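Student: Here is a sequence together with a model predicted from it:
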Amino acid sequence: MSYKRKEKIITVGYGNVNKVTVGGLNPLIFIGGPCAIESQEHSIKMAELIGKICEKVGISWIYKSCYDKDCRSSPESFHGLGIEGGLKILEKVRNEIGVPVVSDFSDPAWAEKTGEICDMVQIPAYLCRQTSILRSAAKTNRPIHLKKGQFMSPWNMKNSVQKIESNGNSQIILSDRGTFFGYNMLVNDMRCFPIMAETGYPVCFDATHSIQLPTSMGNISGGQREFIPYLVRSAVACGVNALFMEVHDDPDNALSDSNTVLHIDMLQNILYQAKEMHEMRLELSKKYEE
Amino acid sequence: MNANEISVKDVMLTTENFPVINKNTLFKESLEHMNKTNLGIACVVDERNKLLGIITDGDVRRNLLKVQKPISAFFVDDVVSHCVKNPITILPDDKLNYAVKIMGEKKVWDLPVVNNDGILVGLLHLHQAIKKLLEKDI
């Protein structure tokens, strides 16, 4: 193991929403919600349902849903409600439910508005090395959820981190969502968590995108949901600080990523396991060191 | 002034004249810094300029053989990962004769010069040291 920089603790949430603290010896946090914002009614409903589960499990969480899905496989696929309408809904969710919210953005011009509403901004994996996107995210002064591109090595994420830091922002969560293994296939290299953690920033496992089979169905992506619990347990044992999963109450009819989103009925048991495994890992690492 | 009166500070390179690298600099960038001078050494410091270690051409060779990971991963490591910690150092007021004796005993070409707080103030390079001593016709 190479030298690890001093661990950084990130706090997500401004104003009246719950503050979520991630990194170091803090408890595991959850980031989740429907892939795309579908409607205000559905967003509020999902936030309420997920919020109740997280409260029961005893895990802090951040609501994730996106207003513009710019990386869909097909031009026919649902693209999203757009920035104006989408952000209004996210604002409603944070005000009514009191949960911090995160959305990604795919155009530097959208960063400022996204950061005005969202407690955290997210960089899509395919755009994780685009300087203009990273610079605009840094300038929002919000914490940044930076996903490792499926084509990137975990060590080269340090370059992306430096692009953000050099623009005055040092609140970053680094995520793995799988790495291309040939065509239309992703695998998780569990080494990427300790490697990305060398930056000192908290690391996150994106379970539902990791089981994606990118564009494997011609014009949409497939997925193998059955592997989610196994991969979650592996990643938590490997030392992640946060768990990311897209969740839906009706995956078959979800407007985005219907083959990978987790059915909300499965969420509670997975979160219980992840939380307990994380607590055990902290105890073990204190007892035996890593 | 005879040879016995020459101090390290009279001969050492000041910090602008040799590579001084922050501990979190990428390894590859550190090599590029080292290429700007022909000394074969860089000093690794923290934010307060406290000396943390040194890296020499020899350390790079040894690390290339030892580090079992792709070169692209090696290049983005922080330089502090691969430097030699707690190197032999010398004080600015130490005598040059003594410093050269240490260099001979330890078989090193360079000695980082630090003050009593461990802050890097210079580098004594064998070439300059010998040149100065020869001028004094020892």
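Tutor: Done, it's in. Numbering: from 1, shown residues only, chains lettered A, B, ... in the order given.

Student: residues from chain A in reach of chain B?
Tutor: Residues of chain A found near chain B, taking CB under 8 Å from any CB of the partner chain as the criterion, are A:2-3, A:5, A:153, A:155-156, A:158-159, A:195, A:198. For glycine as for every other residue, the C-beta is placed from the backbone atoms N, C-alpha and C.

Student: Which ones among the residues you listed lie within helices?
Tutor: Counting by DSSP state H, the part of the residues of chain A next to chain B found in helices is A:158-159, A:195.

Student: Tell me the buried residues within these.
Tutor: A:158, A:195 (16 or more other CB atoms under 10 Å in any protein chain shown).

Student: For chain B, state which of the ones in helices among the residues of chain A next to chain B is nearest.
Tutor: Using CB to the nearest CB, residue A:158 comes nearest to chain B of those, at 4.8 Å.

Student: can you pull the contacts of that closest one?
Tutor: Taking CB atoms under 8 Å, 6 or more residues apart in numbering or on different chains as the contact definition, residue A:158 lies against A:198-199, B:26, B:76.

Student: same check, this time on residue A:228
Tutor: A:207-208, A:211, A:245, A:262, A:266, A:270.

Student: Scan those residues and report the most crowded one.
Tutor: residue A:207 (31 neighbours; other CB atoms under 10 Å in any protein chain shown).

Student: Now do that one against residue B:4, distance only.
Tutor: The spacing between residue A:207 and residue B:4, counted by CB to CB, to the nearest Å, is 71 Å.

Student: ditto for residue A:33
Tutor: From residue A:33 over to residue B:4 (counting by CB to CB), the distance is 76 Å.

Student: What parts of chain B come near chain A?
Tutor: Counting by CB under 8 Å from any CB, chain B sits next to chain A at B:24, B:26, B:70, B:72-73, B:76-78, B:80-81.

Student: Filter those down to the buried ones.
Tutor: B:24, B:26, B:73, B:76-78, B:80-81.

Student: Distance from the chain centre to stretch A:163-182, please.
Tutor: In terms of CA atoms, centre = their mean, to the nearest Å, the centre of stretch A:163-182 is set 11 Å apart from its chain centre.

Student: mind listing what's buried in that stretch?
Tutor: Quick answer for stretch A:163-182 (16+ other CB under 10 Å): A:163-165, A:169, A:171-179.

Student: Report the contact partners of residue A:45.
Tutor: residue A:249.

Student: typo on my end, residue A:49
Tutor: A:249, A:264.

Student: any idea which element it lies in?
Tutor: Using DSSP states H and E, residue A:49 maps to helix A:40-57.

Student: Which SSE is immediately downstream of that helix?
Tutor: Taking DSSP H and E, what comes next after helix A:40-57 is strand A:61-64.

Student: quick one on the thing from earlier: the more surrounded of residue A:33 and residue B:4?
Tutor: residue A:33 (28 against 11).

Student: Helices of chain A, start to end?
Tutor: Using DSSP H, helices in chain A cover A:40-57, A:83-97, A:111-117, A:131-139, A:157-165, A:192-197, A:207-210, A:228-237, A:264-288.

Student: so of the ones you listed, which one's packed in deepest?
Tutor: By mean neighbour count, with neighbours taken as mean count of other CB atoms under 10 Å in any protein chain shown, helix A:207-210 ranks first of those at a mean of 27.

Student: who's in contact with it?
Tutor: A:125, A:176-178, A:186, A:188, A:223, A:225, A:228, A:231-232, A:235, A:243-247, A:257, A:260-262.

Student: still on that earlier bit, just put the residues of chain B next to chain A in a markdown table and tack on distance to residue A:16.
Tutor: As requested, those are exported to a markdown table (distance: CB to CB, whole Å):
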| residue | distance to residue A:16 |
| --- | --- |
| B:24 | 37 |
| B:26 | 41 |
| B:70 | 47 |
| B:72 | 45 |
| B:73 | 43 |
| B:76 | 40 |
| B:77 | 42 |
| B:78 | 39 |
| B:80 | 42 |
| B:81 | 43 |
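
Student: Now, those residues that are in helices?
Tutor: Going by DSSP H, the helices hold B:72-73 from the residues of chain B next to chain A.

Student: on that earlier part again, using CSV, please lay out the helices of chain A together with distance to residue A:18 and mean pLDDT.
Tutor: Converted to CSV, those look like this (distance: least, CB to CB, whole Å; pLDDT from 0 to 100):
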stretch, distance to residue A:18, mean pLDDT
helix A:40-57, 10, 98
helix A:83-97, 9, 97
helix A:111-117, 16, 98
helix A:131-139, 22, 98
helix A:157-165, 25, 96
helix A:192-197, 25, 97
helix A:207-210, 22, 96
helix A:228-237, 22, 97
helix A:264-288, 16, 96
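
Student: Now distance to residue A:16 too, for those helices, in TSV please.
Tutor: TSV is the format used below for the helices of chain A (distance: least, CB to CB, whole Å):
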stretch	distance to residue A:16
helix A:40-57	15
helix A:83-97	8
helix A:111-117	14
helix A:131-139	24
helix A:157-165	27
helix A:192-197	32
helix A:207-210	29
helix A:228-237	30
helix A:264-288	25
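
Student: nearest residue to the residue of the stretch 151-290 of chain A found nearest chain B other than its sequence neighbours?
Tutor: Using CB to the nearest CB, residue A:155 is the residue of the stretch 151-290 of chain A that sits closest to chain B, at 4.1 Å. Leaving aside its chain neighbours, residue A:155 sits nearest to residue B:73 (4.1 Å; criterion: CB to CB, 6 or more residues apart in numbering or on different chains).

Student: ditto for residue A:257
Tutor: residue A:35 (4.2 Å).

Student: what's that neighbour in contact with, if anything?
Tutor: Contacts of residue A:35 by CB under 8 Å, 6+ apart are A:65-66, A:69, A:246, A:248, A:254-257, A:261.

Student: where along chain B do the helices fall?
Tutor: B:8-11, B:27-36, B:57-66, B:71-75, B:96-106, B:126-135.

Student: quick one: buried residues of the second one?
Tutor: Translated: helix B:27-36. Buried, per 16+ other CB under 10 Å, within helix B:27-36: B:27, B:30-31, B:33-34.

Student: And for the fifth one?
Tutor: For helix B:96-106, burial by neighbour count (16+ other CB under 10 Å) applies to B:96-97, B:99-100, B:102-103.

Student: sorry, back to before: make TSV out of the contacts of residue A:35 and add neighbour count and pLDDT.
Tutor: What follows is the contacts of residue A:35, written out as TSV (neighbours: other CB atoms under 10 Å in any protein chain shown; pLDDT from 0 to 100):
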residue	neighbour count	pLDDT
A:65	28	97
A:66	25	96
A:69	20	82
A:246	24	97
A:248	25	97
A:254	22	92
A:255	19	91
A:256	23	88
A:257	22	85
A:261	26	94
